[in-house]
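In: fold the stuff below for me.
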Amino acid sequence: MTALSFPTSNVTTSDTISAWPWKTGLVLFALFAMATWSWNSSQRWYASDSADVGALVDRISEGTLNRQAAFALLGVFGLGLLMLPSVRPLPIKLVIAYPIILFVGWAYLSIFWSVDHAQTLKRLIVFSAMVVTVLAVLRRYDIREIAQIALIAAGLTMAVGLVNEARILITDRPPLGLWRFGGTMHPNHAGLNSVIVMLASLYLFRSTRTRWFLLIFIIAFAVLILTKSRTALMSGVTATAAFWLLSATASRAMGIGLAIAWLVAGVMWFSSMELLPDLSGAVSMGREDVSTTDVKKLTGRTDIWHFAIVQGARDPNRMWTGYGFETFWTPQNALGVSQYVKFKISEGHNAYLDWFLELGIVGAGLYGLILLTGIVRWTAASRVLQSPAAALAAATLLGALIHGFAESSIGDANLPTFFVYSALAGAALLRPDEEFSA
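Out: Okay, the predicted model is just below:
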C-alpha cells in the first residue's frame, strides 16, 4: 500500500456519534486557556524595556505554575481518552507514519545533546502531553468532529478575547496606532487562532449550508484583520482559497484558479508600469510601530534571523543535531536577541529556522517532509474523493506551511498547533473519506 492509496468504500459515521463533541472541545478550551492566556496581552506586546525583557527571561527559565498544571492535566486527559473504547480502528499508513515517528523520536533523543537538559525535559513533557492527546483525539474522532472541536475551543477563545479586548479599549484607551487585537494572547497568536476558526466554520458551512457558520467565518476574518498580523493574514487567505479550490468541482476550481492568476498577473503588470500607489501603508496594516524600512526588513525578522544564525554557527558540530528540543532560545539567547533588535523576543520568527536550530538538519528535514507529505496526501484525497474533510486538512497544513516562513507559532504549545498536529498525524491515521453525510 502506497502513501497516497485511498479506501474505495464510502464510510460514514453519522450513526456512531449523534451530537457535537462538546466535552472534548470545552476541555481543550479550558486547558489551553489555563496554559496560554494573559488578560493584558494586547497591552504588553510592544513593550521593550529591560524590565519586560527580564520578565521574559524569567518565564523561559522557570515557566509558570498555570502552564505546568494545564499541560499535566492535558496529558491526563489524553491518556483518559486513549483508555476509552475506540469508535473505529486506525488504518495506519506506515509510509507516512515513519517520518512522524522518526521526528518524535529525534526530539526525545535531543535531550542527550541538549545545551540545557532541564529546559529540554520541561519542553518534552509538554510535547508529550500534546502528542498523547492528539493521538487520543484521532483515535476517537473523524475530521468533521475535529473541525467541530476546533470551532468550540478556538471559537470560545476568540469570543472571550473579544469581550476582554472591549474591556481594555474602554478602560485603558490605548493609542489606536499601536493597538492590535490580542484578546487573551499575543496578537500574532490571536491571528492564528482566528485562522483556525475561519477554516473550521467554512468547512462546516460547506457541509451543512447553515448560515450561522458563515457569520462566524466573517467575524473571525474581521478579528484576523484587527490583529494586524500580516503573516497570519497571508496564511488565512491562502488556506481559505485552498479550501475553496480543493472542495470545488474541477470546472469551478479551474475557473477560480484562472481568476486568481489573472488578478496576480494584473497586479504584476500595473506594478511594473509603476501605475500602483505606494502600498507600504497597507502592508504595515496601519501599525505605527512599522516603518517602510521595517516592511522591507520584514519588521526586524531579518535581524532576528541573522542573530540566530550567527549564534547557531558558534558550534558547527551541532549542524546535524541542533541545540536540543525547544532549547536554542535559552534565557541568554532571548536576552541577546532582544537587545540586538530592540524589542523583546524569544523565538526565531521562522518555524523552519527554529527547528533547524533545535533539532539540526535531521529534525528540520523530517519536519519539512512530514508537512509536505501531509499536504500532498490530503490534497490528493480531496480531489480523488471529492472530500471537503480532506480539503480542510490540506488547507490547514498549507496555512501552516505559509505561516512558518515568518513566524514560529506553529510549533509552540498552543491551540492552533494542536490542530495542525492533528492534521499532520491524521494523514497517517485517518481515512480521508470518513466524514458525516451532508
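
In: quick check on Phe405: phi, psi?
Out: Backbone torsions of Phe405, given as degrees, to the nearest 10, read phi -70, psi -20.

In: so what's it up against?
Out: Shown in contact with Phe405 (CB atoms under 8 Å, 6 or more residues apart in numbering): Thr231, Asn350, Ala351, Tyr352. Where C-beta positions appear, they are placed from N, C-alpha and C, glycine not excepted.

In: give me the distance between the first one and Arg383.
Out: Okay, so that is Thr231. Applying CB to CB, to the nearest Å, the value for Thr231 to Arg383 is 28 Å.

In: the two: who's more crowded?
Out: Shown here are Thr231 and Arg383; by other CB atoms under 10 Å, Thr231 has more neighbours (21 against 17).

In: helix or strand: which one has that one?
Out: Assessed by DSSP states H and E, Thr231 sits inside helix 230-247.

In: which strands and helices sit next to that helix?
Out: Helix 230-247 makes packing contacts with helix 187-208, helix 211-227, helix 250-272, helix 351-385, helix 388-403 when contacts are defined by 3 or more CB pairs under 8 Å, 6 or more residues apart in numbering; DSSP states H and E.

In: the second one: which residues count as buried?
Out: Neighbour-count burial for helix 211-227 flags Phe213, Ile216, Phe217, Ile219, Ala220, Phe221, Val223, Leu224, Leu226, Thr227 (criterion: 16 or more other CB atoms under 10 Å).

In: is Glu165 within a helix or a strand, and which one?
Out: Per DSSP H and E: Glu165 is located in helix 143-171.

In: now find how far off-centre that helix is within its chain.
Out: Averaging C-alpha positions (CA atoms, centre = their mean, to the nearest Å) puts helix 143-171 15 Å from its chain's average.

In: can you list the buried residues in that helix?
Out: When burial is assessed from 16+ other CB under 10 Å, helix 143-171 yields the following buried residues: 143-158, 160-162, 164-165, 168.

In: not counting its neighbours along the chain, what's nearest Pro388?
Out: For Pro388, ignoring the flanking residues on the chain, the nearest one in space by CB to CB, 6 or more residues apart in numbering is Ser247 at 4.5 Å.

In: Gln148 versus the one you found, what's the distance?
Out: Plainly put, Ser247 is 17 Å away from Gln148 if you go by CB to CB.

In: hmm, back to that, pick the most buried one from the helices and strands packed on helix 230-247.
Out: Among the helices and strands packed on helix 230-247, helix 388-403 has the highest mean neighbour count (mean count of other CB atoms under 10 Å), at a mean of 28.

In: now it and helix 230-247, what's the angle there?
Out: For helix 388-403 against helix 230-247, the angle by axes from the mean of the first three to the mean of the last three CA atoms, to 10 degrees is 150 degrees.

In: now helix 388-403: mean pLDDT?
Out: The average pLDDT within helix 388-403 is 95.

In: tell me which other helices or strands that helix touches.
Out: In terms of contacts (3+ CB pairs under 8 Å, 6+ apart), helix 388-403 is packed against helix 143-171, helix 187-208, helix 230-247, helix 351-385, helix 415-429.

In: need these in a markdown table (columns: distance to Phe29 and mean pLDDT).
Out: Shown next, in a markdown table, are the helices and strands packed on helix 388-403 (distance: least, CB to CB, whole Å; pLDDT from 0 to 100):
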| stretch | distance to Phe29 | mean pLDDT |
| --- | --- | --- |
| helix 143-171 | 4 | 94 |
| helix 187-208 | 11 | 94 |
| helix 230-247 | 20 | 91 |
| helix 351-385 | 24 | 93 |
| helix 415-429 | 8 | 95 |
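
In: quick one: contacts of stretch 146-154?
Out: Applying CB under 8 Å, 6+ apart, the set of residues contacting stretch 146-154 from outside is 20-22, 24-26, 28-29, 32, 137-138, 141, 193-194, 196-197, 199-201, 203-204, 216, 389, 392, 415-416, 419, 422, 426.

In: got the CA coordinates for it in PDB?
Out: Provided in PDB are the C-alpha atoms of stretch 146-154 (Å, rounded to 0.1, in the frame of the first residue of the first chain):
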ATOM      1  CA  ILE A 146     -12.300  17.500  14.900                       C
ATOM      2  CA  ALA A 147     -13.500  20.600  13.000                       C
ATOM      3  CA  GLN A 148     -16.300  20.900  15.500                       C
ATOM      4  CA  ILE A 149     -13.900  20.600  18.400                       C
ATOM      5  CA  ALA A 150     -11.700  23.300  16.800                       C
ATOM      6  CA  LEU A 151     -14.700  25.600  16.400                       C
ATOM      7  CA  ILE A 152     -15.700  25.100  20.000                       C
ATOM      8  CA  ALA A 153     -12.300  25.600  21.500                       C
ATOM      9  CA  ALA A 154     -10.900  28.300  19.200                       C
END
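
In: next one: the helix or strand containing Leu135 to chain centre, how far?
Out: Using DSSP H and E, Leu135 maps to helix 117-140. Relative to its chain's centre, helix 117-140 lies at 16 Å (CA atoms, centre = their mean).

In: got it, and stretch 210-222?
Out: How far stretch 210-222 lies from its chain's middle: 20 Å, per CA atoms, centre = their mean.

In: residues making contact with that stretch?
Out: If you take CB under 8 Å, 6+ apart as the criterion, stretch 210-222 is touched by Leu151, Gly155, Met158, Ser194, Val195, Val197, Met198, Ser201, Leu202, Leu204, Phe205, Gly236.

In: confirm Pro174 sits in a strand?
Out: No - applying DSSP: H, G, I helix; E, B strand; the rest coil, one finds Pro174 to be coil, outside a strand.

In: tell me how far it lies from Arg167.
Out: Distance, Pro174 to Arg167, using CB to CB: 12 Å.

In: what does Ala423 give?
Out: According to CB to CB, Ala423 stands 34 Å off from Arg167.

In: again with Gly324
Out: Here Gly324 is placed at a distance of 40 Å from Arg167 (CB to CB).

In: Ala391 and Ala239, how far apart?
Out: Going from Ala391 to Ala239 by CB to CB gives 10 Å.
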